[in-house]
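*Asks:* Please work out how this folds:
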Amino acid sequence: MWQAIPAILASPETWAFAAVGFFAQVFDGALGMGFGAISSAALAAAGVPREIASASVNGAKIFTGAASGLSHVMMRNVDGRMLVALAVAGILGGVAGATLLARSFSHWIGVGISLYLFAAGAFIVWRTTRAAPNHASWRAQGGVGFAGGLLEAISGVWGPLVTSNLVALGASPRHVVGTGNVAETFVAATVFGLLVSRVGFASLSGIALGLLGGALLAAPFAALLARRVAARPLTIGVGVLVMATSLLRLARDLGVH
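*Replies:* Okay, the predicted model is just below:
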């Protein structure tokens with residue numbers, strides 16, 4: 001395995017995915033979403049099977065999430081109570097999703113989730129013109145975390161569902177972004193462990209390494225951006241990115257070229 005690293009680093013594919021990882025992590029660290037959605041879309045375009053794509057993305061997320069999470073902790077963007085709810089429920093959802101991924105109907109689950117996320121993104125953008133109380137109770141956070149873990153395993157995507165729903169419920173975008181990044185690390189580690197036991201490390205090739213390298217470079221910058229950007233434009237950015245990535249995922253799942 002170690003002998004293959006020089007060849008992997010010399011591959012143009014590795015550097016291409018490093019650029020994807022950097023770009024994706026800037027969105028993910030600043031908006032609480034984007035790394036999985038953008039990376040998964042790029043892997044799908046390259047013809048990587050869904051199970052291998054999810055394992056690759058989640059493998060990279062273990063390290064990018066830790067780096068991004070540490071940055072968010074230092075910037076005081078993390079809510080401890082929300083973290084427990086999201087992490088515990090997310091891990092349970094991840095286990096369920098990894099089990100479903102081996103079954104053929106996971107494709108149609110992905111289509112349904114993409115449609116739902118587009119509607120959620122539109123609602124978030126609309127809500128920026130309305131005053132809304134915070135209804136993101138601990139129970140609601142747990143439900144969102146479970147659904148996020150399910151999607152994380154099936155498609156390597158966490159933020160579009162978790163961030164969009166918590167922001168729509170009225171939680172602080174800054175704390176949703178920071179806390180979600182930390183919780184996602186625990187969920188990604190669980191999903192990666194389950195999937196890699198089936199597909200094997202060799203199937204991940206240099207893609208995961210490229211995604212990881214680019215994302216680690218972007219993580220500190222993204223966390224600072226999340227702290228400095230005002231809540232309103234951050235919320236609008238969340239909604240727009242949710243709609244865009246859901247359309248990309250829907251086109252991929254329906255085979256639109």
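
*Asks:* confidence score at residue 180?
*Replies:* Residue 180 is assigned a predicted lDDT (pLDDT) of 90.

*Asks:* That one - how many residues pack around it?
*Replies:* Residue 180 is flanked by 35 other residues according to other Cβ atoms under 10 Å. For the C-beta atoms, the positions are set from N, CA and C on the backbone; glycine is no exception.

*Asks:* list the buried ones in the helix or strand containing it?
*Replies:* Counting by DSSP states H and E, the element that carries residue 180 is helix 173-199. Residues of helix 173-199 classed as buried by neighbour count (16 or more other Cβ atoms under 10 Å): 173-192, 194-196.

*Asks:* ditto for stretch 212-226
*Replies:* Neighbour counts over stretch 212-226 (16+ other Cβ under 10 Å) mark 212-216, 218-220, 222-226 as buried.

*Asks:* Which pair of these spans the longest distance?
*Replies:* Among those, the pair separated by the greatest distance (Cβ to Cβ) is 213 and 226, at 21.5 Å.

*Asks:* Could you give the separation of the helix holding residue 180 from the chain centroid?
*Replies:* Centroid separation between helix 173-199 and its chain, computed with Cα atoms, centre = their mean, to the nearest Å, is 8 Å.

*Asks:* Repeat that for stretch 139-153.
*Replies:* Stretch 139-153 has its average C-alpha position 12 Å from the chain's average C-alpha position, going by Cα atoms, centre = their mean.

*Asks:* Tell me which residues are up against it.
*Replies:* Contacts of stretch 139-153 with the rest of the structure, by Cβ atoms under 8 Å, 6 or more residues apart in numbering, involve 36, 54, 58, 82, 85-98, 100-101, 113, 157-158, 160-162, 165-166, 169, 180, 183-184, 187-188, 190-191, 194-195.
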